[in-house]
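Q: Provide a 3D model corresponding to the input given below.
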Amino acid sequence: MGCYRQRSQTTPKMGKMWWCVVACVMVCGGMVEGQVNRCFKGEGPATLSPHFPRNVEKFGLNLFREVSQVVQKDGRSVFVSPYSIWSALVLAYLGSDGETKKQMETAMFFPSKTVAYMNWNALKFVLEGNPHKTSNTVDLNMANWAYFNQSLNLNRCLYDSLFELQRIDFTNPRAAQAAINKDVSDVTRGLIPELLPILPASTRFVIVNAIYFKGKWKVPFSPTETRKQQFLGLERGSSSIVDVMVQKAGLFKHGYSQSLDANIIELPYQDTNISMFVMLPANHLTTQIILDNLNQQTFSEAYRSMANKSIHLVFPRFGLSTTLTAELKDVLYNAGIQDLLNPWRGNLTAFTVDRTPLYVDEVIHKATVEVTEEGTVAAASTGLINTRFGGPPPIEFIVTRPFVFLITDKHTGITLFAGNVMSGKDLKPVTGNPVV
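A: Just a heads-up that it's a prediction; the model follows:
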């Protein structure tokens, strides 16, 4: 398999922290600035931007919206991790040059590699180090790798500075596939057991992100209240019977978004900033208006309008999985990331000393979620491949028709996972209690 470096999964444990404090810890501690300035000469100083998390969320929600629009044409529900896709693209961006680099900077709101690298590391520091690891009620783990064929002459500065860069022998494709899939499976606790199919021996690199989340509800549902109920479909005959969980008068943050024409509820997880936000169309059955208008600004405005209210909540107990390949590639292309996917114009030459022509010809994203009375388990992985809450009566929030849901870290404003449920037929029964 050649030389293989195991990326450490240990991360600092942190409470709430302002973005500027992260900057001091990282820069003054010499964690990032030295590597950035040395490897990305001519890119300007490595500065921490307070706008960076907002731009990540902007890109992520735009991507989720576009993916949902594409997938729902086939009447399918979708579940993705915008953050996973974004993270894999960041790693590719660090090796980009020319027009490929310019297109990625425009689409992903990056001013330079130095700023992107600095803020990417700060974001990982906050997300992984936050209260997530201080309690067994929540677990958030993620990893990134860029596996390069051992025959490539990698840029030594990048290889020495980015532990995500690995050497692997793709001429033994089954062994390479098994090693990469095992790394992903380990991070996702077996929820994504096989990201990659068999790779050709001509594979030159595979850039991968994997993310895993397990959280227990701050206000769990009682299993004795779970029952069967009809989930309304968009078309005649498309309704189905699903398992639903019930909170008869729970205290939740709730609000109405005029921009999205949707009622919104926050379902927080224990001991963390992460919550699930469920958006239920207010005056219609389809989620189309939500998807048409969902972005970082409308979501932020909706959150600010929410207040604690007594809620009678009915919510599905479900599992949902999605695999994206060509659909995701089309969405990235339409977002302006075009040359990266073009065999003649793709430019990832900064990864190698001899500026070997490299581009992405295959994209794959797998994501899965299980929602039960105890909480939520979710995982996703992305691959970029070159083979070439007494008072008034409780408000009813009955989620037995199409809905959109986001699993978001409120501290950074980053959406980690997102789903658009079109049909109860897409919701699989969940056996056992995976959150426990």
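
Q: pLDDT of the helix or strand hosting K214, averaged?
A: For K214, the element it lies in under DSSP states H and E is strand 205-216. Average pLDDT, strand 205-216: 97.

Q: what about F351, distance to D292?
A: 38 Å (Cβ to Cβ, to the nearest Å). All C-beta spots, glycine's among them, are computed from the backbone N, C-alpha and C.

Q: how about low-confidence regions in the stretch 151-300 of the chain?
A: 236-237 (pLDDT under 70).

Q: would you map the helices across it?
A: Counting by DSSP state H, counting those that start in this stretch, the stretch 151-300 of the chain has helices at residues 156-161, 173-187, 288-293, 296-304.

Q: which element follows the last one toward the C-terminus?
A: Toward the C-terminal end, the helix or strand that comes next after helix 296-304 (DSSP H and E) is strand 307-316.

Q: how about that following strand: buried residues?
A: The neighbour-count check on strand 307-316 (16 or more other Cβ atoms under 10 Å) flags K309, S310, I311, L313, V314, F315, P316 as buried.

Q: partner residues bridging the first one?
A: Going back to what we said before, that points to K309. F252 (DSSP bridges).

Q: so what angle separates the directions of the longest helix belonging to the chain and helix 296-304?
A: In the chain, taking DSSP state H as the definition, the longest helix is helix 52-71. Angle of helix 52-71 versus helix 296-304, following axes from the mean of the first three to the mean of the last three Cα atoms, to 10 degrees, is 100 degrees.

Q: average pLDDT for helix 52-71, rounded please.
A: When pLDDT is averaged over helix 52-71, the result is 94.

Q: now find how far off-centre that helix is within its chain.
A: Helix 52-71 has its average C-alpha position 10 Å from the chain's average C-alpha position, going by Cα atoms, centre = their mean, to the nearest Å.

Q: partner strands of whatever helix or strand comes next after it, parallel or antiparallel?
A: For helix 52-71, the following helix or strand on the C-terminal side (DSSP H and E) is strand 78-80. Next to strand 78-80 in the sheet, as set by DSSP bridges, lie strand 414-421 (antiparallel).

Q: buried stuff in the strand it pairs with?
A: So strand 414-421, judged by 16+ other Cβ under 10 Å, has buried residues I414, T415, L416, F417, A418, G419, N420, V421.

Q: ok, stretch 194-210 next?
A: L195, L196, L199, T203, R204, F205, V206, I207, V208, N209, A210.

Q: thinking again about what came up before, who has more neighbours out of F351 and D292?
A: Remark: of F351 and D292, F351 carries more neighbours, 27 against 13, as counted by other Cβ atoms under 10 Å.

Q: among the buried residues of strand 307-316, which one sits closest to V67?
A: Of all the buried residues of strand 307-316, V67 sits closest to P316, with 21.0 Å by Cβ to Cβ.

Q: surely T400 touches G233?
A: No. Applying Cβ atoms under 8 Å as the test, T400 and G233 come out as separate, 10.5 Å apart.

Q: got any residues that touch both of these two?
A: Contact criterion Cβ atoms under 8 Å, 6 or more residues apart in numbering; residues shared by T400 and G233: G424.

Q: helix/strand/coil for the nearest residue to G346 once chain neighbours are set aside?
A: Excluding the flanking residues, the one nearest G346 by Cβ to Cβ, 6 or more residues apart in numbering is Y359, at 2.2 Å. Under DSSP: H, G, I helix; E, B strand; the rest coil, Y359 falls in the coil class.

Q: now Y359: phi and psi?
A: According to degrees, to the nearest 10, the main-chain angles of Y359 amount to phi -150, psi 180.
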